[in-house]
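Visitor: got a predicted structure here, sequence first:
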Amino acid sequence: MTKLSKSELEKQLIAYRHDFHQYPELANNEVRTTAKIKEILQDWGIKILPTNLKTGVFAEIGALPGPVVGLRADIDALPIQENSGVAFSSKVPGVMHACGHDTHIAALLGAAYLLKQQEKQLVGKVKLIFQLSEEDKEGALQVIQDGQLQNVDAILGFHNTPHQALGEIGMRSGIFNGAIDKFKVTLRGLGTHASKPEKGYDPIVALGAEINALQSIVSRNLNPFEAGVLSITHVNVGNTWNILPEEAFFEGTVRTASASAREIIKKRFLDVVNYTAKAHQVSTDIDWYEGDPSVNNDAKLVDIIKDETSKFAPIYEQEPALSSDDFACYQVATPGVYVNIGNGETINLHNSRFKANDGVIMAGSEFFEKNAIRLLKELKLNPINL
């Protein structure tokens, strides 16, 4: 493996990131991305681990027995037509790295290179998890089911974040991101001519009543100090001006911080939808999908990560948010810490004009590298206490 200076490595990682950005791939379809990551790691002499998954890459660095620290980067893109104006914009119509996962890939590659240089000094092993399908299809659960988290003693991850100075690292103990649930409600009535509403059962009136009633759940059923959001994001009903339709539907998402808030909202949601539909003489089907739990950072690990990170980067106390990340699934199985790294940009994630600053790459690489080394040492000395 050719020895690279820090500036040479950064230049190479930026080139990799721009390549990934130009050829984004959606969840469970990250075929080119997977092949490219493998090629880079193999060129650096890093051991690729076997997997039954079609996409995603798992690799290992370390020659000595001891604890195992996992480092995770997500690799999928979003179904968005890019409008950022960057010179390396997506060449794939309707697909874009609008969440900056391309910078996460490059950052983990950088950490892999740096850790490989120190492989003989590592007091354990570092597992690299280039995770498929974070945006959809429960990629983290696929990774766990594939056995990739076995024997991992602790895991780290990060997300680039707008509206924060480049390179600043936000962290907190406990709840970091919210749990996510999805719902779709279908209402079925009896269609009729618009001039004869008494001859049918109108799903439009029922839909409107349900949407209004659902908006009172958070404000009237949750403790004001609990966090929860219920958002209806898609409504579809009818197709012309003079017919009351047979069917209507709406769908959306619930985000919560605590398990108790999650339970309360779901129970009240089911009651409101079912009883309101009955009151309007329409039938209803509820498709409720329980998604990822809350990202919940291990307090002892956060103390260690804060101490180590403060030596090389500015840190701040991150406010909890109700956005979600399936990194939470790893934390159910093993202690973990998830942080935000400022990208210095102002356009928010999941926007066609989003830009992720190249400066995030080395900041992320350093975060992964230095904290992996520190955690291996801590776990070696105090395996039970962590």
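Guide: Cool, the structure landed.
Visitor: how about the nearest residue to Lys199 once chain neighbours are set aside, what does it touch?
Guide: Using C-beta to C-beta, 6 or more residues apart in numbering and skipping the chain neighbours, the partner closest in space to Lys199 is Thr192 (4.3 Å). In this view, the C-beta of every residue, glycine as well, is placed from N, C-alpha and C. Going by C-beta atoms under 8 Å, 6 or more residues apart in numbering, Thr192 touches 199-200, 243-244.
Visitor: okay, and the beta partners of Thr192?
Guide: Taking DSSP bridges as the rule, Thr192 bridges to Leu244.
Visitor: just to revisit the earlier point, could you export the contacts of Thr192 as a markdown table, including pLDDT?
Guide: Output for the contacts of Thr192, formatted as a markdown table (pLDDT from 0 to 100):
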| residue | pLDDT |
| --- | --- |
| Lys199 | 96 |
| Gly200 | 96 |
| Ile243 | 96 |
| Leu244 | 96 |
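Visitor: which strand or helix spans the closest residue to Ala77 other than its chain neighbours?
Guide: Leaving aside its sequence neighbours, Ala77 sits nearest to Pro24 (C-beta to C-beta, 6+ apart; 3.3 Å). Remark: Pro24 resides in no helix or strand, with elements defined by DSSP states H and E.
Visitor: and the contacts of Thr192, which are buried?
Guide: Those of those that meet the buried threshold are 200, 244, by 16 or more other C-beta atoms under 10 Å.
Visitor: the strands in the stretch 201-350 of the chain, which residues?
Guide: For the stretch 201-350 of the chain, the strands defined by DSSP state E, counting those that start in this stretch cover 228-237, 243-244, 247-256, 283-290, 295-297, 315-317, 336-342.
Visitor: who does the fifth one pair up with?
Guide: Applying DSSP bridges, strand 295-297 is found paired with strand 174-177 (antiparallel).
Visitor: so how far is the partner strand from its chain's centroid?
Guide: Relative to its chain's centre, strand 174-177 lies at 13 Å (C-alpha atoms, centre = their mean, to the nearest Å).
Visitor: can you name the element that comes right after it?
Guide: Once the chain leaves strand 174-177, the next helix or strand it forms, by DSSP H and E, is strand 179-188.
Visitor: that following strand to strand 247-256, inter-axis angle?
Guide: Angle of strand 179-188 versus strand 247-256, following axes from the mean of the first three to the mean of the last three C-alpha atoms, to 10 degrees, is 170 degrees.
Visitor: pull out the buried residues from strand 179-188.
Guide: Along strand 179-188, these residues count as buried under the neighbour rule (16+ other C-beta under 10 Å): 179-181, 183, 185-188.
Visitor: by how many degrees do that strand and strand 283-290 diverge?
Guide: Inter-element angle recorded for strand 179-188 and strand 283-290: 170 degrees (by the same axes, to 10 degrees).
Visitor: now tell me what touches strand 179-188 from outside.
Guide: Outside of strand 179-188, the residues within contact range by C-beta under 8 Å, 6+ apart are 203, 206-207, 210, 246-257, 259, 262, 265-266, 269, 273, 277, 282-294, 324, 328.
Visitor: okay, now the sheet partners of it, with direction.
Guide: Strand pairing for strand 179-188, using DSSP bridges, gives strand 247-256 (antiparallel), strand 283-290 (antiparallel).
Visitor: hang on, the earlier thing: the residue nearest to Lys199 and Glu246: what is the separation?
Guide: Thr192 sits 9 Å away from Glu246 when distances are taken as C-beta to C-beta, to the nearest Å.
Visitor: mean neighbour count, the strands paired with strand 179-188: which tops it?
Guide: Mean neighbour count (mean count of other C-beta atoms under 10 Å) peaks for strand 247-256 among these, with a mean of 20.
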